[in-house]
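**Student:** Starting from these lines, generate the structure:
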Amino acid sequence: MINKIAASVAEALAGVQDGATVMIGGFGTAGIPNELIDGLIAQGAKDLTVVNNNAGNGDTGLAALLATGRVRKIICSFPRQADSYVFDGLYRSGKLELELVPQGNLSERIRAAGAGIGGFFTPTGYGTDLAKGKETRVIDGKGYVLEQPIHGDVALIKAERGDRWGNLTYRKTARNFGPSMAMACRQTIASVHEIVELGGLDPEAVVTPALYVSKIVKIPRQATQAGGFKKAA
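**Tutor:** So this is what the prediction gives:
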């Protein structure tokens, strides 16, 4: 019987190896799998390459992972925000390598890995420092840069609902990079707020099929100060 439900975050992350390329879903603070990031910190894998749209905010989540010193390189679009001081300090001191990728290129490079595409030409970055060392072409009078797919070892993503086979649905903007990262990695670990019985998900609403998911783990919704509950974005 196929059952991809992990009993705990620790169990789900047990197989992450040193030196892994880890894709972490999220756009800003929407859809960040914070519980999985905290679990990765506790798990102890080091010499990691992290792929994310941002480079962490404040001192929690991705920023907390960077602060451990166990991330060797980050590939992202927006490394610096008003509260990205953890990244800033590590980068300026030479303790963290940065590969800066325009957001559209980042999304397409991840998607290309999942789709089995060997590379693609894009006008974004042509004629800039981001094109240095890369193949360029002029097509119909317009300059293009060849970009390579980004493959990952592990994707950590946040979904809304899942079943024991690993089929996933998302909540609004929490979807962002999750589906493409799940396709681009050798294994995918997803946190969900609700686990339903097989058949409980409308097949037309399933965004990430079970084929791309290795483990799911249920996490509680965050409590508000007023004592109610909120759906994390």
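**Student:** Going by C-alpha atoms from here, please, whenever you check contacts or count neighbours.
**Tutor:** Will do.
**Student:** hey, which helix is longest across the chain?
**Tutor:** As assigned by DSSP state H, the longest helix anywhere in the chain is helix 103-115.
**Student:** Next SSE downstream of it?
**Tutor:** Using DSSP states H and E, the helix or strand that follows helix 103-115 towards the C-terminus is strand 120-122.
**Student:** what residues does that following strand touch?
**Tutor:** Under the contact criterion CA atoms under 8 Å, 6 or more residues apart in numbering, strand 120-122 has outside partners 105, 144-148.
**Student:** Farthest-apart pair in those residues, please.
**Tutor:** The largest separation in the contacts of strand 120-122, counting by CA to CA, is between Tyr144 and Gln148 at 13.0 Å.
**Student:** Okay, now the unreliable bits of the protein?
**Tutor:** Along the chain, segments meeting pLDDT under 70 span 223-233.
**Student:** what about the helices in it?
**Tutor:** Secondary structure of the chain (DSSP H): helices located at 9-12, 34-43, 62-67, 85-92, 103-115, 178-184.
**Student:** Comparing these, which comes out most buried?
**Tutor:** Most buried of the helices of the chain, by mean neighbour count (mean count of other CA atoms under 10 Å): helix 178-184, with a mean of 27.
**Student:** Now tell me what touches that one from outside.
**Tutor:** Helix 178-184 is contacted from outside by 23-26, 107, 110-115, 150-152, 155, 157-159, 188, 207-208, 212-213, using CA under 8 Å, 6+ apart.
**Student:** now it: how far from the chain's centre is it?
**Tutor:** 8 Å (CA atoms, centre = their mean, to the nearest Å).
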